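Visitor: Prediction below, plus the sequence it came from.
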Amino acid sequence: MFQGPVVMRWYRAPAKLNLSLRVVGRREDGFHDLESLVAFADVADWLGFAPGPSFELLVEGPGASETGPIGDNLVARAVRSLAARAPGLRSGAFRLVKRLPAAAGLGGGSSDAAACLRALAEANGLGFDDARVIAAASDTGSDVPVCMSACARMMAGVGDRLGPPVRLPALFAVLVNPRKAVATRDVFRALGMEKGIYRDRRTPDQAVAAPTTLDALAAAGNDLEAPARTVLPAIADILDRLRRLEGARLARMSGSGATCFALFDDPGAAATARGRLAAEEPGWWIAASALG
Ligand SMILES: C[C@@](CO)(OP(=O)(O)O)[C@H](O)COP(=O)(O)OP(=O)(O)OC[C@H]1O[C@@H](n2ccc(N)nc2=O)[C@H](O)[C@@H]1O
Ligand SMILES: Nc1ncnc2c1ncn2[C@@H]1O[C@H](COP(=O)(O)OP(=O)(O)O)[C@@H](O)[C@H]1O
């Protein structure tokens with residue numbers, strides 16, 4: 001039975017979208033070096049936190065059953081990771097309202113973990129730039145560092161190298177997830193890249209310009225789309241449907257999928273498209289959102 005105190009401070013954990021994603025190469029440790037323009041949507045999980053003597057976590061909301069055992073929750077892992085680096089860390093009661101689909105390429109779990117680290121940092125007087133907070137973020141998952149400040153920026157390496165915040169033009173997205181989980185690990189495996197192979201002549205330290213206009217975004221892509229389609233062929237159909245939406249400027253998959261999005265420069269067109277798709281596909285998770 002959850003015994004947490006009633007008064008909680010609430011933290012937003014927004015969905016991450018990879019507007020572009022290039023796999024640059026594969027490191028000897030098996031992880032892949034990426035270059036990705038990451039943005040955030042205004043659909044979100046919510047994480048409540050009340051400092052207290054011991055760690056508790058309650059997960060509720062429509063996506064709760066997809067998040068696995070409590071002890072493996074990315075919120076619990078973030079707490080353990082920071083506690084191991086900051087002895088005497090004051091923890092407390094967390095309440096996660098899970099609204100984003102899990103294993104969806106939306107980084108929902110990573111965003112939850114980042115919200116948790118922000119909450120713990122505040123409660124313990126640590127800056128978000130404290131080396132222990134940064135290390136706990138990277139250690140909890142590749143997408144956790146970029147979720148710490150949740151603003152559009154380039155992400156490189158395995159997610160450990162972040163560019164400065166970038167200003168996006170007014171962009172509106174329709175997001176679609178077929179409610180089928182896709183494991184990130186399976187998609188990278190399907191990519192089939194050998195360890196030590198790099199596609200790119202750029203050194204890892206050369207900054208890459210963010211493709212921030214719709215034309216530049218249209219010229220970019222997501223290198224994980226093709227391998228993800230072999231894991232879940234329905235992704236190809238979703239992308240076709242999104243491309244045909246009136247007013248859609250481009251359609252692409254986010255992260256390792258299966259969530260795909262269409263981009264619009266007109267919020268009315270995005271809302272209309274969302275409504276039409278939702279009526280046609282009641283089994284899909286569909287959202288419309290501005291991006292930032
Ligand atoms: C692909 C991306 C793009 O933003 O997003 P998602 O599709 O997960 O949302 C991320 O890099 C995912 O980050 P995250 O979901 O935190 O992945 P992790 O838990 O760190 O890794 C899961 C597994 O994916 C593989 N992996 C992950 C990241 C990476 N750069 N190279 C990899 O090879 C590894 O096999 C790893 O064990
Ligand atoms: N708080 C959480 N939210 C979602 N998934 C979680 C969470 N904690 C642990 N998980 C596990 O992590 C896996 C990937 O989570 P998630 O961040 O949603 O993936 P993705 O980045 O692909 O959208 C899920 O399959 C789930 O079992």
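Guide: All right, it came through fine. Numbers count the residues shown, from 1 in each chain. Ligands and ions are numbered 1, 2, ... in the order given.

Visitor: Would you mind measuring the gap between the ends of stretch 99-113?
Guide: End-to-end distance for stretch 99-113: 15 Å, by CA to CA, to the nearest Å.

Visitor: let me redo that: stretch 88-108
Guide: First-to-last residue span, stretch 88-108, CA to CA: 28 Å.

Visitor: what about Asp72, distance to Leu100?
Guide: 17 Å (CB to CB, to the nearest Å). Using the backbone N, CA and C atoms, a C-beta is placed for each residue, glycine as well.

Visitor: how about the strands in the stretch 51-200 of the chain?
Guide: Listed in chain order, the strands of the stretch 51-200 of the chain (DSSP state E, counting those that start in this stretch) span residues 56-60, 92-97, 153-157, 161-165, 172-177.

Visitor: For Asp200, find the nearest of the ones you listed.
Guide: strand 153-157 (11.1 Å; CB to CB).

Visitor: what mean pLDDT does that closest one have?
Guide: For strand 153-157, the mean per-residue pLDDT is 96.

Visitor: Buried residues of that strand, list them for me.
Guide: 153-157 (16 or more other CB atoms under 10 Å).

Visitor: Other residues contacting it?
Guide: 24, 33-38, 145-146, 161-166, 204, 207-208, 210 (CB atoms under 8 Å, 6 or more residues apart in numbering).

Visitor: who's in contact with the residue in the stretch 101-250 of the chain that ligand 2 sits nearest to?
Guide: In the stretch 101-250 of the chain, the residue that lies nearest ligand 2 is Gly109 (2.8 Å; CB to the nearest ligand atom). Neighbour list for Gly109: 67, 73-74, 102, 141 [criterion: CB under 8 Å, 6+ apart].

Visitor: Out of those, grab the one that's most surrounded.
Guide: When neighbours are counted by other CB atoms under 10 Å, Leu74 leads these with 25 neighbours.

Visitor: ok so, going back, among the contacts of strand 153-157, which are in helices?
Guide: Of the positions in the contacts of strand 153-157, 145-146 sit in helices, assigned by DSSP state H.

Visitor: Return only those of the contacts of strand 153-157 found close to ligand 1.
Guide: Restricting the contacts of strand 153-157 to those within reach of ligand 1 (CB under 6 Å from any ligand atom) leaves 34, 36.

Visitor: Only whichever of the contacts of strand 153-157 are buried, select them in ChimeraX.
Guide: To isolate the buried members of the contacts of strand 153-157 in ChimeraX, using 16+ other CB under 10 Å:
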select :24,33,34,35,36,37,38,145,146,161,162,163,166,208,210
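
Visitor: sorry, back to before: so which of the contacts of Gly109 also contact ligand 2?
Guide: 67, 73-74, 102.

Visitor: Could you report the neighbour count for the closest residue to ligand 1 within the stretch 151-292 of the chain?
Guide: Closest residue of the stretch 151-292 of the chain to ligand 1, CB to the nearest ligand atom: Gly255 (2.6 Å). Gly255 has 25 neighbours, counted by other CB under 10 Å.

Visitor: secondary structure element for it?
Guide: Gly255 belongs to no helix or strand when assigned by DSSP states H and E.

Visitor: Could you check the pLDDT of it?
Guide: 98.

Visitor: Adding distance to Arg80 as columns, could you present the buried residues of strand 153-157 in JSON lines?
Guide: Formatted as JSON lines, these follow (distance: CB to CB, whole Å):
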{"residue": "Arg153", "distance to Arg80": "27"}
{"residue": "Met154", "distance to Arg80": "30"}
{"residue": "Met155", "distance to Arg80": "24"}
{"residue": "Ala156", "distance to Arg80": "27"}
{"residue": "Gly157", "distance to Arg80": "24"}
